[in-house]
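> Requesting a structural model of the entry that follows:
(one chain, ligands or ions: 1)
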Amino acid sequence: MSNKQASFYQSVQTNFEKAASKTKLPKGLIAQIGACNSVYQMRFPIKTPKGYEVIEAYRVQHSHHRLPTKGGIRFSHLVNQEEVMALASLMTFKCAIVNVPFGGAKGGVKISSRAYSPEMLEKITRRYTVELVRKNFIGPGTDVPAPDYGTGSREMAWILDTYSQLRNGELDAAACVTGKPTAQNGIQGRTEATGRGVYYSLRELLNDADEMKKIGLETGTAGKTVVIQGLGNVGSYTGMICRDEGDMKVIAISEIEGTIHDPKGIDVAKLIKYRKQKGTIIGFPGTKKLKERNDWVGIECDVLIPAALESQIRKDNAKKVNTKIIVEAANGPVTAAAEAILLKKGVIILPDMFANAGGVTVSYFEWLKNLSHIRFGRMEKRFDERSYTNLVNTVEKMTGKTISQKEKSVLTKGADEIDLVRSGLEETMIDAYHEIRNVLRRKRNVDDWRTAAFLVSLEKVASDYMTMGIFP
Ligand code: NAD
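Numbers count the residues shown, from 1 in each chain. Now for the predicted structure:
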């Protein structure tokens with residue numbers, strides 16, 4: 001294992017211990033909450049055009065205090081056991097923060113998805129799923145994977161298909177995995193969910209007058225400058241939504257091929273199209289390429305959003321950071337050592353376990369949809385539309401005034417699945433923001449968002465263990 005990954009796990013442990021030291025919970029209970037319950041390490045062979053290859057993979061279930069356990073599957077050549085353990089434990093705290101009734105889990109396959117054809121990726125995904133089924137590490141009531149770095153709805157569809165073949169006739173099979181394509185038992189709004197949740201968390205902070213006063217920023221999203229690392233699933237939706245809904249200026253984006261900068265603001269949707277055509281973000285009209293890819297860290301901006309991988313802001317580059325706010329769209333992008341430096345500089349860090357919890361929140365909605373076997377909004381949409389139309393017609397009749405057809409259709413619209421999903425996600429992120437914020441206000445010995453977020457989740461997980469009667 002490389003030092004980098006070991007420090008990610010260590011970093012999560014350090015943060016956990018810092019928060020735990022501020023509670024009065026029994027030591028044994030803290031130890032149980034911090035520990036990874038089950039670690040499944042596997043090796044399996046696949047036949048490639050070049051011969052046989054042994055694939056290294058993992059599934060870690062961090063906490064069984066609530067079932068099923070839940071967490072994404074990562075495809076990356078950097079995957080190792082400690083990384084998956086760190087990510088699984090973050091899932092436990094994340095679920096508790098957004099009141100999603102799951103324990104934490106995570107999967108990892110040590111491959112670079114870029115290095116394989118879609119056919120080979122399908123083979124690997126299906127074989128990985130077979131391994132999970134054989135050991136009872138997947139199922140609607142046991143453990144439910146989702147997308148993460150290097151995977152998306154396509155891989156989730158392969159997982160569901162493999163699971164269904166092995167568990168023929170299982171009524172709730174579709175709930176064995178989330179993040180599926182909408183046409184294959186998925187839910188509208190899952191793909192954008194993590195990025196949208198990142199935006200809602202940031203918007204709440206930017207609208208918080210007290211917090212903005214502390215860092216000398218005006219309230220509101222409009223005109224705020226943003227720098228993003230990673231233009232994958234999370235980074236791209238974060239960028240598009242910050243720009244389109246928050247009227248923010250995305251002034252720089254960093255990807256594998258380099259970092260581009262335009263102080264006037266980058267049209268993220270156009271950049272994504274450009275990258276699809278050209279295979280790179282470099283050369284996008286109006287932007288300048290920075291000398292070093294890693295220089296994104298030091299660009300002056302209001303909000304820095306790492307949305308790629310862990311351990312990107314470390315002790316060695318934390319001093320370069322020139323922002324007021326960091327939103328951890330990725331998991332673990334700021335190491336514990338870097339955080340200590342940044343907090344001294346007065347930077348607000350919205351932690352991963354809150355900021356990127358939109359994905360698991362909408363995964364929860366998808367799981368509920370699969371278990372109920374009905375699309376959200378199907379029962380009430382037309383009924384609501386008819387009621388609103390009657391109301392508008394009555395007001396028109398009573399006042400003798402009429403409104404345009406366009407105005408009428410806005411007022412009488414019933415909710416579609418996407419409207420309900422976005423509404424549920426927004427409500428969840430706002431609620432969680434204020435829960436964490438209250439801890440920051442209430443506890444005199446807590447002055448950073450990560451510790452406050454940990455305390456919110458520790459309290460809930462501890463209370464579950466106590467209800468189970470394991471701890472007094
Ligand atoms: P993704 O694979 O879709 O995108 C990641 C992007 O980061 C890729 O485009 C990759 O090229 C880029 N990247 C990798 N290394 C980089 C580097 N050194 N510099 C610049 N760019 C780099 O992955 P994703 O699903 O967007 O996940 C990103 C992060 O968000 C991960 O930490 C993941 O755990 C976290 N996350 C994802 C979800 C989700 O729903 N997908 C949910 C919660 C958290």
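> And the strands in the chain?
38-48, 51-61, 69-75, 103-109, 143-147, 225-229, 249-255, 258-261, 288-289, 303-306, 325-327, 348-350 (DSSP state E).
> how deep is the nearest residue to residue 450 once chain neighbours are set aside tucked in, by neighbour count?
In this structure, residue 450 finds its nearest non-sequential neighbour in residue 351, 4.0 Å apart by C-beta to C-beta, 6 or more residues apart in numbering. No exception for glycine: its C-beta is placed from N, CA and C like everyone else's. Residue 351 has 29 neighbours, counted by other C-beta atoms under 10 Å.
> ok, now residue 46?
Look at residue 46: counted by other C-beta under 10 Å, it has 16 neighbours.
> circling back to that earlier point, kindly reformat the strands of the chain as JSON lines and extend each row with distance to the ligand and mean pLDDT.
As requested, those are exported to JSON lines (distance: least, C-beta to the nearest ligand atom, whole Å; pLDDT from 0 to 100):
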{"stretch": "strand 38-48", "distance to the ligand": "18", "mean pLDDT": "97"}
{"stretch": "strand 51-61", "distance to the ligand": "14", "mean pLDDT": "97"}
{"stretch": "strand 69-75", "distance to the ligand": "6", "mean pLDDT": "98"}
{"stretch": "strand 103-109", "distance to the ligand": "9", "mean pLDDT": "98"}
{"stretch": "strand 143-147", "distance to the ligand": "5", "mean pLDDT": "98"}
{"stretch": "strand 225-229", "distance to the ligand": "5", "mean pLDDT": "98"}
{"stretch": "strand 249-255", "distance to the ligand": "5", "mean pLDDT": "98"}
{"stretch": "strand 258-261", "distance to the ligand": "8", "mean pLDDT": "98"}
{"stretch": "strand 288-289", "distance to the ligand": "13", "mean pLDDT": "98"}
{"stretch": "strand 303-306", "distance to the ligand": "8", "mean pLDDT": "98"}
{"stretch": "strand 325-327", "distance to the ligand": "11", "mean pLDDT": "98"}
{"stretch": "strand 348-350", "distance to the ligand": "13", "mean pLDDT": "98"}
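> Any chance you could list what contacts stretch 269-277?
231, 236, 240, 244, 253, 255, 281, 284 (C-beta atoms under 8 Å, 6 or more residues apart in numbering).
> Now for the residues you listed: which two are most distant?
Maximum pairwise distance in the contacts of stretch 269-277, criterion C-beta to C-beta, is 20.3 Å, between 244 and 255.
> Comparing those two, which shows the higher neighbour count?
Taking neighbours as other C-beta under 10 Å, residue 244 and residue 255 compare with residue 255 leading, 21 against 13.
> Quick check: that one touching residue 281?
Yes. With contact defined as C-beta atoms under 8 Å, residue 255 counts as touching residue 281 (5.1 Å).
> shared neighbours, those two?
231, 275.
> tally of neighbours for the closest residue to the ligand within the chain?
Closest residue of the chain to the ligand, C-beta to the nearest ligand atom: residue 232 (1.6 Å). Residue 232 has 17 neighbours, counted by other C-beta under 10 Å.
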